[in-house]
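Trainee: Quick one, what's the 3D model for this:
(chains A, B, C and D)
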There are 2 protein chains.
Amino acid sequence: MRDASSKRPATLKDVALAAGVSTATVSMILNRRYQFKPELEARVREAIVALNYRQNPVARSMATGLFGSIGLVVLDIRNPHFTNIVHGASIKAQEHGYNLIVVDLKEDVSHARQTLDDLARRVDGLILSLRLPQEARDLPLQLGKPAVLFGQTLHEPAPAPLSPSIQIRGWEAAMLLGRHIFEAGRKRLTYVGYSRSIWNADRINALRTLAEGAGAEVREVSVAAQTMEAGEAVAASLIYDAWRTDAIVCYNDMVAIGLLHGLCALGVRVPDDIMIAGFDNIPVSRYVTPSLTTVDMRSEDLGGGSLERLHRAIQSGDHSPGVELLEPRLVVRASTLAQRGGEAGAPR
Amino acid sequence: MRDASSKRPATLKDVALAAGVSTATVSMILNRRYQFKPELEARVREAIVALNYRQNPVARSMATGLFGSIGLVVLDIRNPHFTNIVHGASIKAQEHGYNLIVVDLKEDVSHARQTLDDLARRVDGLILSLRLPQEARDLPLQLGKPAVLFGQTLHEPAPAPLSPSIQIRGWEAAMLLGRHIFEAGRKRLTYVGYSRSIWNADRINALRTLAEGAGAEVREVSVAAQTMEAGEAVAASLIYDAWRTDAIVCYNDMVAIGLLHGLCALGVRVPDDIMIAGFDNIPVSRYVTPSLTTVDMRSEDLGGGSLERLHRAIQSGDHSPGVELLEPRLVVRASTLAQRGGEAGAPR
DNA sequence: GTGAAAGCGCTAACAG
DNA sequence: CTGTTAGCGCTTTCAC
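Mentor: Prediction:
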């Protein structure tokens, strides 16, 4: 089957042999430790090329304890928010010469511990979502690996994470959205939340706080998944009831887009009858019709920032669990742009 | 800096020492080679727990040459098509106990070779896009690693890839779409292609072939990137000219969604004035307004199938470069339904 | 400057 | 069944 003699990748020893030097010399030349006799170095490099030698990264890691790669664990790669985080991190990883290893949990946190356990021993550091269970979040520390967490800040004083983190103020994000909607004169806001998220309470509290000042009301509805399907599925129930909502804020843009589609199919005019908004500012949110108002949760910066922070931790050993804050940005689009005092309420 | 005594992870030797046996015994117990004296095994397992020992995967790989993980290289993780491929592969990877390592090239193929070189030596096999340059595609073979390629079939007889592949008939996909559109009576079809893709020619040829039979015309336009932005940007130029197109097929759903948005903003009625369709059937294509007709390119099956095929290659050593074909599926939605609204065709 | 040799942590013959 | 031992490929003191 396989021609062993020609297929077996050349090793350091092969190179050393071919060049008539010791393996140590070759290794040092490769790692540029000293200045070598030009003649010698040339001979070695020649052998390297001739044998098509490349370093075996596993053996190297084994000897040095370093890997040149960092691990990024996301909850669901299909969520564009996470996809953008990956992208942001990937760019910075390339800049700093790391190999980014992405692992997708597929929203199933039950195997997180084992996954992390294994991953942690193949990388120089980890980037994790704050939404992971505590035990998973702390695992890298136990293994002595630096980690950086990313995600939303809880407004309520929460136990500070043990690792450095890049956070974005979830409360502020909800405030931006709520303020915008109540200023537009809407009085009956529905929040479509995702019950499994720890940030739900924060959001709803922010909206309620604002509603009080605006003489408006807020109700909460839950979807079982943060998907477009789930958003669409809940559409009918939001308008065929007596509550007569005139504005809806969704857990994220995916839910909002699904809901938007569902409402339009039911003949609801957005934003005139009902305003809709989401969170994350995923790329497609601009391209649905009407385009979706949202809060930019800085996905790419979250990923890029995490990588940068981790890089510093690895380089300088600075593992202080400081929090770096990113500001959410309101992105107003057509789905919440209606005439003030326009007739509110669902048709039919 | 680091407290070595408490931080250093326990090794096999530590466990063996604590249990009063040899490292070989512990290793074999861990890998379930034989049946051991229950008493002995219990003692060893106790020590493992007591010391919180876990295997070092790097050392293990070093000794065995196995990694328990497979590498998946995608061109652009932000493209939902690829995201779904990752997802499909990730599910199967979990099923078979592999660790999926995802690497995003960010559409920059120039560093592909180096990336692959490194990745190939850390995994048991690779899954690669057919769109990678030849030299990158063949690299795993040179390193003696099994690989599986995924992507579209070229209609023109092309050099068969050296590795097994899961392909989907691009020509057929275009035929499905073209037939549907010409049967609806459209005569002036614009194909918005992505020039950097090797599949462009195939698509346009398929459409032209059909057009002949239908007494219709086809023109080709190119966008520089396969993004929604690019699709939107080209909108005006497609209608403010004398060609009076009445149907547009885009390189993929992202371009189509951007274009759709752009056209709607310009007051074009879709599908009545112009029909629009894309390729891929990305999740959001169902949720734009009007929902988008597309061809399902079986992203998830592409990823899942590749993983399965690779698994077989690893297990049974069957590296025969066979081609496994997937059938594209036409998904008709509102954007090409001139007569009546609603959705025909089976999404997923 | 350069080479010899001792590991890194684990597995896999081979003995016993 | 269980222990001894020789590596896997590379890095890194430590002498020469």
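
Trainee: Over to the closest residue to A:R333 other than its chain neighbours. Which of the three states is it?
Mentor: Nearest residue to A:R333, sequence neighbours excluded (CB to CB, 6 or more residues apart in numbering or on different chains): A:S291, at 4.1 Å. Yep, even glycine has a C-beta here, placed from its N, CA and C like the rest. Three-state call for A:S291 (DSSP: H, G, I helix; E, B strand; the rest coil): coil.

Trainee: What backbone torsions are found at A:S291?
Mentor: Taking degrees, to the nearest 10, you get phi -60, psi 150 for the backbone angles of A:S291.

Trainee: With A:R219 instead?
Mentor: Torsion angles at A:R219 (phi, psi; degrees, to the nearest 10) stand at phi -120, psi 160.

Trainee: So the residue nearest to it when sequence neighbours are not counted: helix, strand or coil?
Mentor: Distance criterion CB to CB, 6+ apart; nearest residue to A:R219, sequence neighbours excluded, is A:T190 at 5.5 Å. Classification of A:T190 by three-state DSSP places it in strand.

Trainee: Identify the bridge partners of A:T190.
Mentor: Counting by DSSP bridges, A:T190 forms beta bridges with A:R219, A:I248.

Trainee: how many neighbours does it have?
Mentor: Residues contacting A:T190 under the criterion other CB atoms under 10 Å in any protein chain shown number 24.

Trainee: likewise A:S237?
Mentor: 10.

Trainee: Is it within a helix or a strand, and which one?
Mentor: Assigned by DSSP states H and E, A:S237 belongs to helix A:228-239.

Trainee: Same question for A:V295.
Mentor: Secondary structure (DSSP H and E) places A:V295 in strand A:293-296.

Trainee: State the pLDDT value of the residue nearest to A:R219.
Mentor: A:T190 carries a pLDDT value of 98.

Trainee: which residues does it contact?
Mentor: Counting by CB atoms under 8 Å, 6 or more residues apart in numbering or on different chains, A:T190 touches A:218-221, A:238, A:243, A:245, A:247-249.

Trainee: among those residues, which two are most distant?
Mentor: Maximum pairwise distance among the contacts of A:T190 (CB to CB): 14.7 Å, between A:W243 and A:V249.

Trainee: more crowded one of these two?
Mentor: Neighbour count, other CB under 10 Å: between A:W243 and A:V249, A:V249 has more, with 29 against 15.

Trainee: Does the residue of the stretch 1-150 of chain A found nearest chain B belong to a helix, a strand or coil?
Mentor: Nearest residue of the stretch 1-150 of chain A to chain B: A:V102, at 4.0 Å (CB to the nearest CB). Following three-state DSSP, we place A:V102 in the strand state.

Trainee: Who's the closest spatial neighbour of it, skipping the chain neighbours?
Mentor: B:V102 (4.0 Å).

Trainee: Backbone torsions only: list them for A:D108.
Mentor: phi -100, psi 100.

Trainee: And for the one 5 residues further on?
Mentor: The phi and psi torsions at A:R113 (degrees, to the nearest 10) take the values phi -60, psi -50.

Trainee: Could you do A:S335 as well?
Mentor: Here is the backbone geometry of A:S335 (degrees, to the nearest 10): phi -70, psi -10.

Trainee: hang on, isn't it packed against A:L260?
Mentor: Yes - when contacts are counted by CB atoms under 8 Å, A:S335 is listed as touching A:L260 (6.8 Å).

Trainee: More neighbours: these two, which one.
Mentor: A:L260 (33 against 25).

Trainee: how is chain A carved up into domains?
Mentor: A:12-64, A:69-168+A:298-327, A:170-296+A:331-336 (automatic domain parsing).

Trainee: Can you add distance to DNA strand C and give the ones you listed back as JSON lines?
Mentor: JSON lines is the format used below for these (distance: least, CB to the nearest atom of the strand, whole Å):
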{"stretch": "domain A:12-64", "distance to DNA strand C": "3"}
{"stretch": "domain A:69-168+A:298-327", "distance to DNA strand C": "9"}
{"stretch": "domain A:170-296+A:331-336", "distance to DNA strand C": "35"}
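
Trainee: what about those domains, which gets the closest to B:T83?
Mentor: domain A:69-168+A:298-327 (5.6 Å).

Trainee: burial of A:Q55, as a residue count?
Mentor: Counted with other CB under 10 Å, residues neighbouring A:Q55 total 17.

Trainee: For the helix or strand hosting A:K92, give me every contacting residue.
Mentor: According to DSSP H and E, A:K92 maps onto helix A:80-95. Residues outside helix A:80-95 that contact it (CB under 8 Å, 6+ apart): A:70, A:72, A:74-77, A:99-100, A:102, A:127, A:150, A:252-254, A:280, A:282-284, A:297, A:299-308, A:311, B:77-78, B:80, B:83, B:104, B:106, B:111.

Trainee: picking that back up, my guess is the residue nearest to A:R333 contacts A:N281, does it?
Mentor: No - taking CB under 8 Å as the definition, A:S291 is not a contact partner of A:N281, at 11.1 Å.

Trainee: Give me the more crowded residue out of the two.
Mentor: A side-by-side neighbour count of A:S291 and A:N281, using other CB under 10 Å, places A:N281 first with 26 against 19.

Trainee: Just want to check the distance between that one and DNA strand D.
Mentor: Distance, A:N281 to DNA strand D, by CB to the nearest atom of the strand, to the nearest Å: 43 Å.

Trainee: In the sheet, which residues pair with the residue nearest to that residue when sequence neighbours are not counted? Tell me.
Mentor: Spatial nearest neighbour of A:N281, excluding adjacent residues (CB to CB, 6+ apart): A:D296 at 3.8 Å. Beta-bridge partners recorded for A:D296 (DSSP bridges): A:D280, A:R329.

Trainee: just to revisit the earlier point, quick one: average confidence on the helix holding A:K92?
Mentor: The average of the pLDDT scores along helix A:80-95 is 98.

Trainee: Please give the centre-to-centre distance between it and its chain.
Mentor: Put simply, helix A:80-95 sits 8 Å off its chain's centre (CA atoms, centre = their mean, to the nearest Å).

Trainee: Name the residues of it that are buried.
Mentor: A:80-94 (16 or more other CB atoms under 10 Å in any protein chain shown).

Trainee: what are the C-alpha coordinates of that helix, in CSV please?
Mentor: Provided in CSV are the C-alpha atoms of helix A:80-95 (Å, rounded to 0.1, in the frame of the first residue of the first chain):
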residue,chain,number,x,y,z
PRO,A,80,-23.8,34.3,13.5
HIS,A,81,-22.9,36.0,16.7
PHE,A,82,-20.5,33.3,17.6
THR,A,83,-19.4,32.9,14.0
ASN,A,84,-18.3,36.5,14.1
ILE,A,85,-16.5,36.0,17.4
VAL,A,86,-14.6,33.2,15.7
HIS,A,87,-13.8,35.4,12.8
GLY,A,88,-12.5,38.2,15.0
ALA,A,89,-10.4,35.8,17.0
SER,A,90,-9.1,34.1,13.9
ILE,A,91,-7.8,37.4,12.5
LYS,A,92,-5.9,38.2,15.7
ALA,A,93,-4.7,34.7,16.0
GLN,A,94,-3.1,34.9,12.6
GLU,A,95,-1.5,38.2,13.4
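
Trainee: Can you name the next helix or strand after the least confident helix or strand in chain A by mean pLDDT?
Mentor: Least confident element among the helices and strands of chain A, by mean pLDDT, DSSP states H and E: helix A:4-7 (a mean of 48). Downstream of helix A:4-7, the next assigned helix or strand under DSSP H and E is helix A:12-19.

Trainee: That next one near chain B at all?
Mentor: No - against chain B, helix A:12-19 shows no contacts by CB under 8 Å from any CB of the partner chain, the least distance being 13.7 Å.

Trainee: Report the buried residues of that helix.
Mentor: In helix A:12-19, residues buried by neighbour count (16+ other CB under 10 Å) are A:12, A:14-19.

Trainee: No more questions from me, cheers.
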